[in-house]
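Visitor: Next come a sequence and a model predicted from it.
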Amino acid sequence: MKTPCYDTVILSDLHLGSEVSRAEAALQMLKAVSFSRLILLGDIFCDLNFRRLKKEHWQFLGYIRKLSNPKRGITVVWVEGNHDHGLSDVMSHLVGIDVYQQYEWDFEGVHHLAIHGHQFDRFLVSNRLLSNIFTAFHDQLQKVSFGRKRIVNFLERFDTVWLRLSSKVASGALGYGKTLHAQRVFCGHTHEAMQVKRDGVEYFNSGSWTQQRATYITIDSTGVTIHDYEERIDDNYSGEERSETDSEFAELSHSSGLSADLEYENIPG
Ligand SMILES: [Mn+2]
């Protein structure tokens, strides 16, 4: 059963190409909800090395391309993050959707702004090299620790408190939103879902899909909701849908000139 139709669904920080990307879960979530607008709020890729993409990662991209088919009447928006910076040309070619630095829209008389959020991360802006080293170290540690609860918990704290500075991003985004007369501002980047209100402007963070807690945002006439993704045992995942997604995947990886098999070849770089 699909949910009632939301105006907008927002997800961010899926980090396709990373070992910890929960692409399969994100795909299941998208299939279970209905919406007239989808905002991919940055860092959907962990970098632009498509050889790291696994089959589930291509399937997610294939489904995005399918959703963006004009016949479906769904607006699909890709907002660039710091990890998928410079992606515009590739994405419009590969998936057929437009890439934005920031995206504004109106719903029921309320002005909305979606921006990835790294723009308000002063540490990242002024220490790009150090930040890259931290991130690489962090990804490596996350990879070896997958499933080991204590390290995972430590990493999640490190991620949000030390590395991404949730409250600074929130504060920067709220200030920026105000200059654009937005009443609601949405960011990703920090990997920590949250909401806060200041001077009549609401801020929401969509969290991430790389940790135990995976979150997404929905907007409809009842307001804005942050959801925790819960894996469903009986998920109505029909065989027909599965093979459809598989052929989408084959087509997409073919049209990109890449193959999923490449991930098994040890090509440096
Ligand atoms: Mn980011």
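Guide: Yes, it's here.

Visitor: Give me the sheet partners of the helix or strand containing Trp105 and which way each runs.
Guide: In this assignment (DSSP states H and E), Trp105 forms part of strand 102-107. Paired strands of strand 102-107, with direction, are strand 110-115 (antiparallel) (DSSP bridges).

Visitor: can you list contacts of the partner strand?
Guide: 8, 10, 39, 41, 77, 79, 101-106, 173, 176-177, 180-187, 219 (Cβ atoms under 8 Å, 6 or more residues apart in numbering). Bear in mind the C-beta positions are built from the backbone N, C-alpha and C, glycine included.

Visitor: Got a quick ChimeraX command for the buried subset of the residues you listed?
Guide: A single ChimeraX command selects the buried members of the contacts of strand 110-115 (16 or more other Cβ atoms under 10 Å):
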select :8,10,39,41,77,79,102,103,105,173,176,177,182,184,185,186,187,219
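
Visitor: which residues touch the nearest residue to Gly81 once chain neighbours are set aside?
Guide: In this structure, Gly81 finds its nearest non-sequential neighbour in Gly42, 2.6 Å apart by Cβ to Cβ, 6 or more residues apart in numbering. By Cβ under 8 Å, 6+ apart, the contact set of Gly42 is 12-13, 79-84, 116-118, 188-189.

Visitor: now swap in Arg213 and tell me
Guide: With Cβ under 8 Å, 6+ apart, Arg213 has these contacts: 193, 207, 228.

Visitor: just Gln195 next, same as before
Guide: 202-205, 224, 226.

Visitor: For these, pick the one with the most neighbours.
Guide: Asn205 (31 neighbours; other Cβ atoms under 10 Å).

Visitor: That one and Gly117 touch, don't they?
Guide: Yes: Asn205 lies in contact with Gly117 (Cβ atoms under 8 Å); the separation is 7.4 Å.

Visitor: Mutual contacts of these two, please.
Guide: Shared contacts of Asn205 and Gly117, counting by Cβ under 8 Å, 6+ apart, come down to 169, 187-190.

Visitor: restrict those to those near the ion?
Guide: His189 (Cβ under 5 Å from the ion).

Visitor: How many neighbouring residues does the residue nearest to Ser18 when sequence neighbours are not counted have?
Guide: Spatial nearest neighbour of Ser18, chain neighbours left out: Cys46 (4.0 Å); criterion: Cβ to Cβ, 6+ apart. Applying other Cβ under 10 Å, we find 24 residues neighbouring Cys46.

Visitor: again with Phe107
Guide: For Phe107, the count of nearby residues is 15 (other Cβ under 10 Å).

Visitor: Equivalent analysis for Ser36, please.
Guide: 15.

Visitor: go on, Asp84?
Guide: Counted with other Cβ under 10 Å, the neighbours of Asp84 add up to 26.
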